[in-house]
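*Asks:* Could you work out the structure for the sequence below:
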Amino acid sequence: MTASAPKSLAFVHRFEAATVADRPPLLVLHGTGGDESDLLPLGREVAPGSALLSPRGPVLENGMPRFFRRLAEGVFDEDDVRRRAADLAAFVGQARTAYGLPAPVALGFSNGANIAAAVLLLHPGVLAGAVLLRPMRPLAVLPEPDLTGLPVLMLSGALDPIVPEANARALADPFRASGAVVQHTVLPAGHGLSRADLAAVRTWLAGLTA
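*Replies:* Next up, the predicted model:
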């Protein structure tokens, strides 16, 4: 069931209530050019029965929604990353109150994965974990929060023309240094998602409630 969005919440979004108890809600974050409906089918497939909270990125790039500005391919406006991460963290708090949710696990793809990583690092405690699909390091100099025990799944593509494997490792290693429990897997795929991604995410999410 998709609930109507409370007008007081800052982001245009969609919300689907849980149909199975005791499963963590997912904060579903689309990639460039997606919207609040884009990854709902993915969320339903990898976490059947979980509540889904899916905001639309508030930044437009040539008419395509994103979660923060970039200056060029792979070059981010870091001041905007910080601002938008704060906005998203505030939205999560508002949505938790509006819908009666515990802290969600982020499920982000590409630009959505990058803003999720920024929220994890800049606003620890907002998210209960994260699935980062094709993520990049969102900031040149990363903060060093205490993320002890936080579960993080990162899935990179060995053939990804957008995100070099070294860039993804440069995000995974600081997460580990902050205490997060990181599983970083490099799949034989490009930037797009494969069936192997979906299987890995579903297995990992199931393990959170096992």
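*Asks:* okay, and for this protein, where does confidence drop off?
*Replies:* 1-8, 210 (pLDDT under 70).
*Asks:* Can you check which helix is longest in it?
*Replies:* Longest among the helix segments of the chain by residue count, using DSSP state H, is helix 78-99.
*Asks:* Which secondary structure element is home to Ala200?
*Replies:* Ala200 belongs to helix 195-208 when assigned by DSSP states H and E.
*Asks:* contacts for that helix?
*Replies:* By Cβ atoms under 8 Å, 6 or more residues apart in numbering, the residues outside helix 195-208 that reach it are 24, 42, 45-47, 50, 105, 107, 129, 131, 133, 151, 153, 155, 183, 185, 187-189. Where you see a C-beta, it was placed from the backbone N, CA and C, and this is true even at glycine.
*Asks:* Just the buried subset of those, please.
*Replies:* Among the contacts of helix 195-208, those classed as buried by 16 or more other Cβ atoms under 10 Å are 24, 42, 46-47, 50, 105, 107, 129, 131, 133, 151, 153, 155, 187, 189.
*Asks:* What is the next helix or strand along the chain from the longest helix of the chain packed up against?
*Replies:* Using DSSP H and E, the helix or strand that follows helix 78-99 in sequence is strand 105-109. If you count contacts as 3 or more Cβ pairs under 8 Å, 6 or more residues apart in numbering; DSSP states H and E, strand 105-109 packs onto strand 26-29, helix 40-46, helix 111-122, strand 129-133, helix 195-208.
*Asks:* tell me what the first one is packed against?
*Replies:* Based on contacts counted as 3+ Cβ pairs under 8 Å, 6+ apart, the elements that strand 26-29 packs against are helix 40-46, strand 52-55, strand 105-109, helix 111-122.
*Asks:* List the buried residues for it?
*Replies:* 26-29.
*Asks:* Could you list the paired strands of it along with their orientation?
*Replies:* Strand partners for strand 26-29, identified by DSSP bridges, are recorded as strand 52-55 (parallel), strand 105-109 (parallel).
*Asks:* Quick one: residues in contact with that strand.
*Replies:* With Cβ under 8 Å, 6+ apart as the test, strand 26-29 has contacts from 39-40, 42-43, 47, 50-55, 57, 67, 92, 104-109, 111-113, 115-116, 127.
*Asks:* now for the protein, which residue lies nearest the mean position of the chain?
*Replies:* Among the residues of the chain, the one closest to the centroid is Gly108, at 2.9 Å (Cα atoms, centre = their mean).
*Asks:* What's the end-to-end length of stretch 172-185?
*Replies:* 10 Å (Cα to Cα, to the nearest Å).
*Asks:* What is the burial count for Ala90?
*Replies:* A total of 15 residues lie near Ala90 under the criterion other Cβ atoms under 10 Å.
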